[in-house]
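**Q** Give me a 3D structure for the following:
(one chain, ligands or ions: 1)
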Amino acid sequence: MNGGALVIVGGGPAGLAAARSYRDAGGDMAVTMLAGERHHPYKRPPLTKDYLRGETDRSELPIESPSFFDDNDITFVPGARARALDLRARTVATEDHGDFGYEACVLATGSEPFRLPIPGADDPELHVMRTIEDSDRLAAAAVAGARAVVVGSGFIGCEAAASLAMRGAEVTLVSDEAVPQERRLGDEAGSRIRTWLEELGVTLKMGAGVAGIEAGDGCHGVTVEGGESVQGDIVFLGTGVRARVALAEAAGLPIAEGGVVTDSSMHTGAEDIWAAGDITYAMNAAAGRRLRVEHWGEALNQGTIAGKAIAGAVARWDIAPGFWSTIGTKTLKHVAWGDGHDEVRVEEDGDGWSVWYGSRGVTVGVLTHNRDDDHDTGRKLVETKGPLP
Ligand SMILES: Cc1cc2nc3c(=O)[nH]c(=O)nc-3n(C[C@H](O)[C@H](O)[C@H](O)COP(=O)(O)OP(=O)(O)OC[C@H]3O[C@@H](n4cnc5c(N)ncnc54)[C@H](O)[C@@H]3O)c2cc1C
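**A** Here you go, the predicted model:
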């Protein structure tokens, strides 16, 4: 596509990757990125890890150098929040930066933290994690000896619990799972993660959900189902995210499974509208079905595909989704289709281990710690529907 403008809504990794790959593929339309945040695109993964612990400086967070946008003739508009997408007029209206006409548009509005529908969870004093500001506020509160209650044992909850403990806070993690990440990774991996957290001094209260959160005098009480109340100077909600699909939905784009429906080139089906990153429910050509994925690498992959496709190149999403997580100093790498397994095999040697996930004898996922060869082999087996090793 040439002439006109490519308008990208969202200044995260998916939006950035779309702009970059469009230019790399020779696209010569004007490119404008409307970014709801006031920062240039930055790395979110450190926000619960090294950045939260004060081991990484803010200057290390930007994904690209300051000159990248000028060098690539990309207009980056910080703080420009899109409020409406008009498919007929082919415009994106922003809250206070006017309207932007488009020849092509990429929606990459990402996710936001989800608060459980329980009494007290909407209290703005509680901590959530998505932005630099969220991480700074949590770090400021996490002084040595502070009592921190982390609600939720997914990756964000586990990473935050580990980092808070490493900052010297007294951390209690509360979750309805029997072991951390049980729902996604199963018991074998969950028990190992539990041990890592316990070694850092985290107290785990597992197997009971949170019934409510009450504000007290400078602290909060987290009431666990069954009646026990855990007091925290800090309460951190790591209870999942929801895709920001309101803009797409209001414009009439198809939404399913909480995401914007796309084909494997990230096209939404609406004329000249693509979507990428956490907001998508995208067709994966290798899986042969649509997937909802909220991973850093896939946001970059999907943005890259959208940018190439808009520039006229052939591109499709056909790799198995993967992510990594670092809990304290321990790193996990995962590749999986993410829709269930009926068999689990564990292999261990020394400090490393791998958990293989199968469904009807076919490899559907692998989780590794210090076994990168298994990670690489696992990816091939998952993508080729190979047998469990
Ligand atoms: C603390 C943390 C740690 C993580 N760690 C890992 C990890 O270790 N490994 C991993 O694989 N993944 C990790 N993730 C997930 C990963 O960061 C996300 O999958 C990724 O950021 C998604 O990219 P995105 O571009 O789709 O959305 P986002 O990164 O959410 O970016 C979307 C951007 O769009 C902006 N926006 C929203 N609405 C509008 C609007 N109407 N107008 C303009 N702009 C708008 C938002 O403000 C935001 O800046 C982590 C996430 C968090 C929060």
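**Q** show me what contacts Val366?
**A** With contact taken as Cβ atoms under 8 Å, 6 or more residues apart in numbering, Val366 is in contact with 334-336, 354-357, 374-375, 377-379, 381-382. No exception for glycine: its C-beta is placed from N, CA and C like everyone else's.
**Q** in the longest helix anywhere in the chain, what's buried?
**A** Longest helix in the chain, counting residues (DSSP state H): helix 182-199. Taking 16 or more other Cβ atoms under 10 Å as the neighbour-count basis, helix 182-199 is seen to contain the buried residues Glu182, Arg184, Leu185, Gly186, Ala189, Gly190, Arg192, Ile193, Arg194, Trp196, Leu197.
**Q** Which strands and helices lie in contact with that helix?
**A** Applying 3 or more Cβ pairs under 8 Å, 6 or more residues apart in numbering; DSSP states H and E, one finds that helix 182-199 makes contact with helix 155-166, strand 203-206, strand 322-327, strand 330-336, strand 343-349, strand 352-359, strand 362-369.
**Q** Just the angle for it relative to strand 352-359, thanks.
**A** Orientation note: helix 182-199 sits at an angle of 170 degrees relative to strand 352-359 (axes from the mean of the first three to the mean of the last three Cα atoms, to 10 degrees).
**Q** and the angle from helix 182-199 to strand 330-336?
**A** Computed with the same axes, to 10 degrees, the direction of helix 182-199 lies at 170 degrees from that of strand 330-336.
**Q** average pLDDT for helix 182-199?
**A** The predicted model gives helix 182-199 an average pLDDT of 96.
**Q** what's that helix in contact with?
**A** Residues from elsewhere that reach helix 182-199, judged by Cβ under 8 Å, 6+ apart: 153-154, 158, 161-162, 165, 173, 177-181, 204, 206, 327-328, 330, 332, 334, 338, 341, 344, 346, 353, 355, 357, 367, 369.
**Q** Which of those are buried, as a ChimeraX select command?
**A** This is how ChimeraX selects the buried members of the contacts of helix 182-199, with burial counted by 16+ other Cβ under 10 Å:
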select :153,154,158,161,162,165,173,177,179,180,181,204,206,327,328,330,332,334,338,341,344,353,355,357,367,369
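**Q** how many neighbours does Leu300 have?
**A** 21 (other Cβ atoms under 10 Å).
**Q** Skipping adjacent residues, who's closest to the residue in the stretch 151-300 of the chain positioned nearest to the ligand in space?
**A** Among residues of the stretch 151-300 of the chain, the one nearest the ligand by Cβ to the nearest ligand atom turns out to be Gly277. It sits 2.2 Å away. Nearest non-adjacent residue to Gly277, counting by Cβ to Cβ, 6 or more residues apart in numbering: Ala14, 2.8 Å away.
**Q** ok, now which ones touch the one you found?
**A** Contact partners of Ala14, counting by Cβ under 8 Å, 6+ apart, are Val106, Ala108, Gly110, Ala276, Gly277, Asp278, Ala299, Leu300, Gln302, Gly303, Ala306.
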